[in-house]
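In: I would like the atomic coordinates for the input below:
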Amino acid sequence: MSTPLSPPSRPPSPAPLYRRTPVRIACVQYDPKLGKVKENTARVEELTKGLTPGSLDLLVLPEMALSGYMFSSAISILPYLEPQRIGPTSLLARSLARRLRCHVIAGYPEALPTAPQPSSSSRPSTPMTSQRNNTGPHEMKDLEGEGEGVGWNSAVVVGPSGEVVGNYRKTFRFETDKTWAKEGDGFVHFDLPEPLGRVAVGICMDMNPKDFIAPWDAFELATYCREKAVDMLIVPMNWLSPPAEPPNETPEEDPLAPSESNLNYWAARLQPLHDPTPGYTSQAPGDADPEGGKEVVFVACNRVGTEEGTKFVGTSCVMTVSCNPSRIELVECCNISEERVLVATVS
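Out: Below is the predicted model of the structure:
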């Protein structure tokens, strides 16, 4: 257990400590197919077609929402890297934002400006098709050298009029990312209009200790959120259950239930926002210390399905977290297998 942190000095935020109006959030939890960008785009459009324009403040899509995730090399992901603003994910996010009149955050594999591109006429039917005949020897050497990366695992932030208002590059890379992605420049936040306020964006592995070797109680992402006095933490994910340590076997999970172990893990990784261990009592208006009791909305948007033998655990959720009194509330969550649009309102 870490030493309790004293409340930081709080920089100005565009949202009040306690929101004047509710914030309405939706997460698209679904099963994207690896490399099937057009089909995945159509699936997201199908899942979101019933949402009413003006009914949301924020819509979130998972990490690498249209490309899939389990790319084994820089060569295999190369045809699916996207430029900023005009790639398939950004175009979909901009279209959804304009139609629904809300902010949209979506994960995508961002291309380096100088990344070598295969011929459009030889675009593979699956991402595992070799690109060795379409990329020259010098480019191949660059792609297979020193793990410098051909892009970033990123998330685009789009405003209600369809304009791109932010871009975040994943800071802590999972082992799959390290086959192709460069490390981002560090955590960031965006000051957005009420009721969103100061919004930090992380991507999946950012919730963990760096490389799984940093001290548990560094709480890198949550500490950043506390220091910057964020109002919301949004985390697109491709989150999976870790394998059991031998000789134990991974227990079967109820496909119609959320993953309680992962909900508890995410809550534990948010400790600086609710330190010490939270209780689950109701908070009366006016009882909280205005310096130490700020509520933070946590949104995890995960995917489901199995890809290249890896199973993802869904459980997309919205939580509220505060530290005075120390409290976490699970507002809404999905189960580990369903495809649906989770909709939650935080008062």
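
In: what residue ranges in this protein score low on pLDDT?
Out: Judged by pLDDT under 70, the chain has its weakly predicted residues at 1-19, 115-147, 242-251, 277-293.

In: Centre-most residue in it?
Out: Centroid-nearest residue in the chain, with CA atoms, centre = their mean: residue 236, separated by 1.5 Å.

In: Roughly how far does it sit from residue 255?
Out: 22 Å (CB to CB, to the nearest Å). (Glycine included, C-beta is placed from N, CA and C.)

In: again, but for residue 165
Out: Distance from residue 165 to residue 255, by CB to CB: 37 Å.

In: Looking at these two, which has the bigger crowd around it?
Out: residue 165 (15 against 11; other CB atoms under 10 Å).

In: Show me the helices in the stretch 51-200 of the chain, by range?
Out: Secondary structure of the stretch 51-200 of the chain, counting by DSSP state H, counting those that start in this stretch: helices at 74-77, 88-100, 137-144.

In: ok now the longest one, how far from the chain's centre?
Out: Taking CA atoms, centre = their mean, to the nearest Å, one finds helix 88-100 lying 17 Å from the centre of the chain it belongs to.

In: likewise the shortest one?
Out: Using CA atoms, centre = their mean, the mean C-alpha position of helix 74-77 is found 22 Å from that of the whole chain.

In: Could I get the buried residue list for it?
Out: Within helix 74-77, the residues that count as buried by 16 or more other CB atoms under 10 Å are 74-77.

In: what's the answer for the second one, then?
Out: Residues of helix 88-100 classed as buried by neighbour count (16+ other CB under 10 Å): 88-94, 96-100.

In: which helices and strands sit right next to that helix?
Out: helix 37-48, strand 58-60, strand 103-111, strand 151-158 (3 or more CB pairs under 8 Å, 6 or more residues apart in numbering; DSSP states H and E).

In: list the buried ones in the strand or helix carrying residue 267?
Out: In the assignment (DSSP states H and E), residue 267 maps to helix 260-269. Of the residues in helix 260-269, 262-263, 265-267, 269 count as buried by neighbour count, 16+ other CB under 10 Å.

In: can I get these in TSV with distance to residue 276?
Out: As requested, these are exported to TSV (distance: CB to CB, whole Å):
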residue	distance to residue 276
262	22
263	19
265	18
266	17
267	13
269	15
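
In: ok, of those residues, which one's closest to residue 339?
Out: Within these, proximity to residue 339 (CB to CB) peaks at residue 262, which comes in at 17.9 Å.

In: doesn't residue 237 make contact with that closest one?
Out: No - contact criterion CB atoms under 8 Å: residue 262 and residue 237 do not qualify, at 9.7 Å.

In: Straight-line length of stretch 176-184, end to end?
Out: End-to-end span of stretch 176-184 (CA to CA, to the nearest Å): 15 Å.

In: Understood, closing this out.
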